[in-house]
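Student: how would this look folded up:
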Amino acid sequence: MHMATGLGIAPTPTKVTVFRPFFIKLSLPYSIIRGETVAIEAIVFNYTTKPIQSEVVFHNKKKEFEFSDQLDIKGVNVSEKRQLVSIPANDGVSVTFTITPKIMGYIDIKLTANSAMAGDSVLKKLLVKP
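Tutor: Below is the predicted model of the structure:
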């Protein structure tokens, strides 16, 4: 926008490259069954030039599911679970949380990764069937 001429339009298209050096990639199944214990895997990427220590938090504020350990199937009803990971420079690290949904319908799957240099958060919906 220009004060005198208003909106400017470029005569030819221009490419803009956008790049995030620190982010979370979350892949979810289409749906899961209520009461089924499932592993939710996220990959935290660090494309900076230095290794990063990051705390990954899986949020459960609505208490729609229980966190489970791989060794103990019994669920833990807490509002969040945390994992501390070291991510090398120009690499990614997998983080896995095991959950058991308690309700049917769509539940919120929200993860946050924070470090001294950067942070990211991702929120997706997961369908829970009867």
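Student: in this protein, what secondary structure element scores lowest on mean pLDDT?
Tutor: Using mean pLDDT, DSSP states H and E, strand 75-76 stands out as the lowest-scoring helix or strand of the chain, at a mean of 56.
Student: okay, buried residues for the following helix or strand past it please.
Tutor: Helices and strands here follow DSSP states H and E; after strand 75-76, the next one along the chain is strand 80-87. The neighbour-count criterion (16 or more other CB atoms under 10 Å) identifies Lys81, Gln83, Val85, Ile87 as the buried residues of strand 80-87. (Each C-beta comes from the backbone N, C-alpha and C, glycine too.)
Student: what is the nearest of those to Thr98?
Tutor: Looking at those and their distance to Thr98, the nearest is Lys81, at 9.3 Å (CB to CB).
Student: tell me what that closest one is bridged to.
Tutor: Beta bridges link Lys81 to Phe58 when assigned by DSSP bridges.
Student: that one contacts Glu55, correct?
Tutor: No: Lys81 is not in contact with Glu55 according to CB atoms under 8 Å; the separation is 11.1 Å.
Student: for Glu41, what are its contacts?
Tutor: Applying CB atoms under 8 Å, 6 or more residues apart in numbering to Glu41 gives the contacts Ser27, Ser94, Val95, Thr96.
Student: one more time with 10 Å, if that's ok
Tutor: In this structure, Glu41 makes contact with Lys25, Leu26, Ser27, Leu28, Ser94, Val95, Thr96, Phe97, Thr98, judged by CB atoms under 10 Å, 6 or more residues apart in numbering.
Student: checking the second one next. Helix, strand or coil?
Tutor: Of the three states, Leu26 takes strand according to DSSP: H, G, I helix; E, B strand; the rest coil.
Student: kindly report the same for Phe23.
Tutor: In three-state terms, and counting by three-state DSSP, Phe23 is strand.
Student: for the closest residue to it other than its chain neighbours, name its beta-bridge partners.
Tutor: Ranked by CB to CB, 6 or more residues apart in numbering and with sequence neighbours excluded, the top spatial neighbour of Phe23 is Asp120, at 4.7 Å. Judged by DSSP bridges, the bridge partners of Asp120 are Ala113.
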